[in-house]
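1. Could you work out the structure for the sequence below:
(3 chains)
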Amino acid sequence: MTVSLQLASLLRRYGTFLGFLLIVSFFWSQRPETFMTTRNWLNITQQVSILCVISLTMTLVMVGGDFDLSVGSMASLSGMIAAVLWQQEVSLFGALGAAILVGGFGGVFNGVLVAYAGLSAFVATLGTLTIFSGLALLVSDGKTIFGRAIPEIVGDFSRGGISLTEGIQLPNLTLIAVSVLIFMGIVLQNTVFGRNLHAVGGNREASLLAGVPVARLRLIAFVVNGVGAAIAGLMLVSRLSSANPTQGDGLMLNAIASVFVGMTMSEEGEPNLFGTLTGVLILGVLSNGLTQLRIDTYVQQILTGLIIIAAVLFSRLSLRRR
Amino acid sequence: MRQNLFIFTGILLLALPQFLFAQSRTLAVLTPFLAQPGTQLMVEGFEAAAKSKGWQVDVIDTSGDVAALVSRMEDVALQKVDAMVINVDPSQIRNGLLAAKDAGIPVFGMDSGADPLLTANVTSNGYVMAAETATYVVDQLNGTGNVVMFIFEPYPPVQKRGAIAESIFNNEPDIKIIEKITPSFDRGPLEGARNAMEAVLTANPTKGSIQAIWAAWDDPALGAEQAIRDAGREDEDIVIVGIDATEQARDRIAARGNLKATVAQDFNGIANTVANTVEQYLKSGSVSRSQIYVSAKLVTADDL
Amino acid sequence: MIPFLHLSNLQKSFGSVPVLRGVELTLFSGEIHGLMGENGAGKSTLIKILSGNLVADSITCTLNGESLSLAEARQSGQLSMRFIHQELNSIAHLSVAENLMLGKQLPTWAKIFVNQQKLSELTRVALAELGITYIDPKQRMSHLGAGDQMLVKLGSAFVVESGKPAAQLYVLDEPTASLMPSETGKLFAALERLKQKGSAILYVSHRLDEIFQITDRITVLQDGRNTMAEKTKMLKPQTVVEAMTGRKISQHYPGRSDILSKEVLLSVQDLRNAKLKSLNFSLHKGEILGLAGLGGSGRSEVLRTLLGIRDFSGTLSLEGNPWQPKLQNFWQERLAFIPEERRSEGLVLNQTVATNSHLPFISNFGNFLGLLFQQKLRQESEEAWSRVKVQGTGITQRIWQLSGGNQQKVLFARATWDYPKLLLLDEPTRGVDVGAKQEIYSLIRQASQEGKSVLMVSSELGELIGLCDRILVLRDGQIYHELQAAGLREADLLAYCQGVRAAEITE
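-> Numbers count the residues shown, from 1 in each chain, chains lettered A, B, ... in the order given. Presented below is the predicted three-dimensional model:
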């Protein structure tokens, strides 16, 4: 391999990350006194933590070659379930457990439809998206639950963290996202399940003929994703100290965008955690930095969209050249 | 090629803030609801007032995403703006309010809701607005008749209106509330209310079985009026009232149909009052009251 | 007589592998010309060059005696051709007429609206060429039977498009593969009519009987060379078969062991399903058993049934115990399989060599939590890698970067990973270069010497004869012959596969 080819390959793999660094250095140069501060970065990690969790578990589903559109409404639903249970004076952990259980069941439902009943993931999860959304409205009666109904500790949790130095703390939500990242990293790289799932995503037919339990693996991926969505939903309740039947809905598109941006960062264009994390951070840093630069919020949206397309386009172009 | 795009983006970003440099007060207006007409009017009014006071204003809209609004509040707090103005239920953005408090930045509610973390909140008095239309109905009916109510419990400011109207009707011995309806939002509240009203009309087929319709805001009032026209029962003189005085509602009232009255929130007044309150705070470091009401006005055909 | 189209000195290589080495083809108007050859002889490459999908490395071309390039002839409209392929997929939810006109200019009103009436009319005329009058052009394709669908696809070659010259040359590639005899009859009648009208027809088929029934002339290719170009009536089936197999560059096959174990590993009794009719055979330990037959004879179906992905009835036993094949348990029972379609059914192309070699066994390397013993897995992958002598940079290389032969060797690493008792091989050397073939033969033979039994399907008859101990000949899902491979002539085996009677062969 010649040097230039190697360079091209490196550029393709880390081009998106390079882009991320460019964005960061740009904001740094524009807002030297506030952007590159520990506090701002901890802020950013906290702001993206919820999207991060949902994107990481979405990565798992997409590694297996599937897709899940229902994560956003599942986040809304599980958060709502917890809030409604707290309202009815169920214990703190009882409600949390129930919410996560609901996420798991939603995942089972998705997984059975896709992996066993053979529906296309797009159609099946589009259906469950609507179902979960409807359930969230149903259990809440369309109302936002806030105030005393939400245990104080829930709201306090998202404001708390591990103190690093005077006045600066590592937020709890960030810690959750980091834990999920580590967990998913181990699952995808170091477990039988993860390695098999990579194969399933790479070639379902070949995996089947190699005796890999394809349907079961896909189901498990959906269940993990459902639980991930539920955790994200609970984090959202904590962050807003309230639960609203539609508050998680926007997460889905951003999660998918993050995974797609991240897919540009692997040799073969497959979903990967480091890439997804970069995608999440790009979205987070863009919102944070552009707000600090006082760019109009609508222009922010357009720029974000353009950057996503540019990243994917770039990797496609360089892939074709191969 | 992506590098080019970054450079392009960079130039774009570099260029934009240059227009904005000026040694003056900087304020941020944050809301997830900029697409709503009322919010729009208030934000425009506030921008105009701010301009006359020589302030820089950034408007941040998160298109319905409250979590993103919290994040943006954190970002703005870091930028050390002089004040933030919000139009969102404060109980849902505690984290953002606390970030502002930590940064020592005052936050003002513009028709948002009372909260101890707000320096002040300026709003119309929802109780008063509901009382205006409810008493209008009672007067028109001479204290006797059947009333259908369109309410919306999930949103606290609107829920208040329903509660006050209900107690006024209940206080009148000869007025009976025959239905309380929360319209479905699936295809918009107007359509939802129309469908619900059609059902009510079908259930009450006799002429004169319904005397009035009280709606907590204008959309269901308009929907109900359409249903009555479609059913050919506009000659029964059913009195319909709404709240908020939207453009559409004003048109219908002016046409002298069944829709008789609505209440105009003084959005411009709210915006100006917020601007004045902010100014007072920036000068003196305190405000006279934390909950400030701006009066609203009943609008009937004679006013148009 | 001046030939309509004459191609000579036709050369084409893929990389360093020559596929056509100086082929000549002479087509006359008003004649049906049969093109025959074994798999890999170069027939499809020749057709692709004709259609313009491939460009020849060198070629001399004359059209009606005038020399010009193929591309010129096509573009100027002097050479107008129609192609009918074996696998033309129809679109079930479109009408017959729309399927027939797929990719062609639809008749229109005002150049915008489809002229349905004209469309139906064109379709009716085209189908009438095939003698078909009972298919309604407006009918949905999905309402037709499989045979009728095939006929409609054939019909698309007979569409007369306005503004385009009528076709002078029809090229049919195995058109009867999925036709019933009665439908084949209709096709032949249509070809006969075209021939009367003066069209030239190039007819590619494996089926000797068809070739002798309808062609006027036969060209045989073998290893990219002409071995025969003759009028059909001068030929006998046996001579054609000889020309197809001929004296090839002799492959060197590893010597087989003289003594065969008496122990039976797998016994199959009265195996039936939709495509198989009462199969009986047994496979001994250390034996290499070949399954020969034409495409569609049920060869691969036998392997798929043993893999546990087909319903069947019958009695199977493995090592003397009754056995019910199940795909989930297949590899864990120390059975191994190499599929026919390496890329779509065998490999996970975006993964590493290591992952591809241990894919069925990943779960053997996890602890109770499912965490992998990475070290052990890597070590064993390295061993497997060196066992099959893959040429590449190492086990972390992505598998798509390897050549077909090396990819196939990785599949052998997988197949021999867990000391299997039985290897099911479907076309184990398809798309593999000569050198790698040799190594794969050694791997198969080595497996058998280690006592592993092999059941292999191959279209390369020489390979079956050179490698197997016994060969079963399948036709229409039935075993017609059981042959000892040693001393078998390739021409005879081909004749058996094609259903030429035993008497004719010994003749």
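
2. So which residues of chain A form strands?
-> A:145-146, A:161-165, A:168-171, A:242-243 (DSSP state E).

3. now, of the ones you listed, which is deepest in the fold?
-> Ranked by mean neighbour count, these are led by strand A:242-243 with a mean of 30 (mean count of other CB atoms under 10 Å in any protein chain shown). C-beta coordinates here come from the backbone N, C-alpha and C atoms, glycine included.

4. Indicate each strand paired with it and its parallel or antiparallel sense.
-> According to DSSP bridges, strand A:242-243 forms sheet pairs with strand A:145-146 (antiparallel).

5. could you check whether stretch B:37-49 is close to chain A?
-> No: judged by CB under 8 Å from any CB of the partner chain, stretch B:37-49 makes no contact with chain A; its nearest approach is 12.1 Å.

6. do the same with stretch C:398-417
-> Yes: Stretch C:398-417 reaches chain A (CB under 8 Å from any CB) through C:398, C:414.

7. tell me how far the ends of that stretch are from each other?
-> End-to-end distance for stretch C:398-417: 19 Å, by CA to CA, to the nearest Å.

8. so what's residue A:144 up against?
-> Residue A:144 sits next to A:242, A:243, A:244, A:245, B:89, B:92, B:154, B:155 when contact means CB atoms under 8 Å, 6 or more residues apart in numbering or on different chains.

9. at 6 Å what do you get?
-> Counting by CB atoms under 6 Å, 6 or more residues apart in numbering or on different chains, residue A:144 touches A:242, A:244, B:154.

10. Run through the helices of the stretch 101-250 of chain B in chain order.
-> B:126-140, B:156-171, B:189-203, B:218-230, B:247-254 (DSSP state H, counting those that start in this stretch).

11. just the stretch 151-300 of chain A next, same as before
-> According to DSSP H, counting those that start in this stretch, the stretch 151-300 of chain A carries its helices in the segments A:152-159, A:172-190, A:192-202, A:204-209, A:214-240, A:251-263, A:273-292, A:297-321.

12. what would the ones you listed look like in TSV with mean pLDDT and mean neighbour count?
-> Shown next, in TSV, are those (pLDDT from 0 to 100; neighbours: other CB atoms under 10 Å in any protein chain shown):
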stretch	mean pLDDT	mean neighbour count
helix A:152-159	90	17
helix A:172-190	95	18
helix A:192-202	93	25
helix A:204-209	92	21
helix A:214-240	96	27
helix A:251-263	92	24
helix A:273-292	92	23
helix A:297-321	78	16
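
13. Would you mind naming the residues that bridge with the nearest residue to residue C:167 once chain neighbours are set aside?
-> With CB to CB, 6 or more residues apart in numbering or on different chains as the criterion, residue C:167 has its nearest non-adjacent residue at 4.4 Å, and that residue is residue C:82. Beta bridges link residue C:82 to residue C:170, judged by DSSP bridges.

14. number of nearby residues for residue B:30?
-> If you count neighbours by other CB atoms under 10 Å in any protein chain shown, residue B:30 ends up with 28.

15. Shouldn't it be within a strand?
-> Yes: with DSSP: H, G, I helix; E, B strand; the rest coil as the criterion, residue B:30 is assigned to a strand.

16. Now do the same contact list for it.
-> Shown in contact with residue B:30 (CB under 6 Å, 6+ apart): B:60, B:69, B:72, B:86.

17. Which pLDDT does the model give it?
-> Per-residue pLDDT puts residue B:30 at 95.

18. and if you look at residue B:19?
-> 46.

19. same thing with residue C:439?
-> So residue C:439 comes in at 86 (pLDDT).

20. Is the residue nearest to it when sequence neighbours are not counted part of a helix or strand, or is it coil?
-> Distances taken as CB to CB, 6+ apart put residue C:389 closest to residue C:439, at 6.3 Å, once the chain neighbours are dropped. What three-state DSSP gives for residue C:389 is coil.

21. ok, back up a step: for residue C:340, find the nearest of the helices of the stretch 101-250 of chain B.
-> The minimum distance between residue C:340 and those falls on helix B:189-203, with 58.1 Å, by CB to CB.

22. Now do the buried residues in the closest one.
-> Buried positions in helix B:189-203, judged by neighbour count with 16 or more other CB atoms under 10 Å in any protein chain shown: B:189, B:190, B:191, B:192, B:193, B:194, B:196, B:197, B:198, B:200, B:201.

23. Mind picking the lowest-pLDDT entry from those?
-> Ranked by pLDDT, these bottom out at residue B:189, which has 76.

24. The residue lying closest to that residue once chain neighbours are set aside: neighbouring residues, count only.
-> Distances taken as CB to CB, 6+ apart place residue B:219 nearest to residue B:189, at 4.2 Å, with adjacent residues excluded. Neighbour count of residue B:219, defined by other CB under 10 Å: 25.

25. closest to chain C among the contacts of residue B:30?
-> The closest of those to chain C turns out to be residue B:72 (CB to the nearest CB; 39.2 Å).

26. Double-check that the closest one belongs to a strand.
-> No: under three-state DSSP, residue B:72 sits outside any strand and is assigned helix.

27. about what we covered before: relative to chain C, which of the helices of the stretch 151-300 of chain A is closest?
-> Among the helices of the stretch 151-300 of chain A, the nearest to chain C by CB to the nearest CB is helix A:192-202 (3.5 Å).

28. What is that closest one packed up against?
-> Judged by 3 or more CB pairs under 6 Å, 6 or more residues apart in numbering or on different chains; DSSP states H and E, the packing partners of helix A:192-202 are helix A:38-63, helix A:214-240.

29. Put together a markdown table for the strands of chain A, with mean pLDDT and distance to residue C:143 on each row.
-> Shown next, in a markdown table, are the strands of chain A (pLDDT from 0 to 100; distance: least, CB to CB, whole Å):
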| stretch | mean pLDDT | distance to residue C:143 |
| --- | --- | --- |
| strand A:145-146 | 84 | 56 |
| strand A:161-165 | 87 | 67 |
| strand A:168-171 | 89 | 63 |
| strand A:242-243 | 90 | 53 |
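
30. Not counting residues beside it along the chain, what's closest to residue A:103?
-> Counting by CB to CB, 6+ apart, residue A:230 is the residue found nearest to residue A:103 once chain neighbours are left out, at 2.5 Å.

31. Quick check: which ranges of the stretch 51-200 of chain C have low pLDDT?
-> Scanning the stretch 51-200 of chain C with the threshold set as pLDDT under 70 gives C:86-89, C:161-165, C:177-178.

32. which stretches of it form helices?
-> Under DSSP H, counting those that start in this stretch, the stretch 51-200 of chain C gives helices at C:70-75, C:96-100, C:116-129, C:146-155, C:181-196.

33. Give me the distance between the third one and the centre of its chain.
-> This means helix C:116-129. 33 Å (CA atoms, centre = their mean, to the nearest Å).

34. ok, and what's touching it?
-> Identification of contacts with helix C:116-129 by CB under 6 Å, 6+ apart yields C:97, C:100, C:107, C:135, C:137, C:155, C:158, C:159, C:190.
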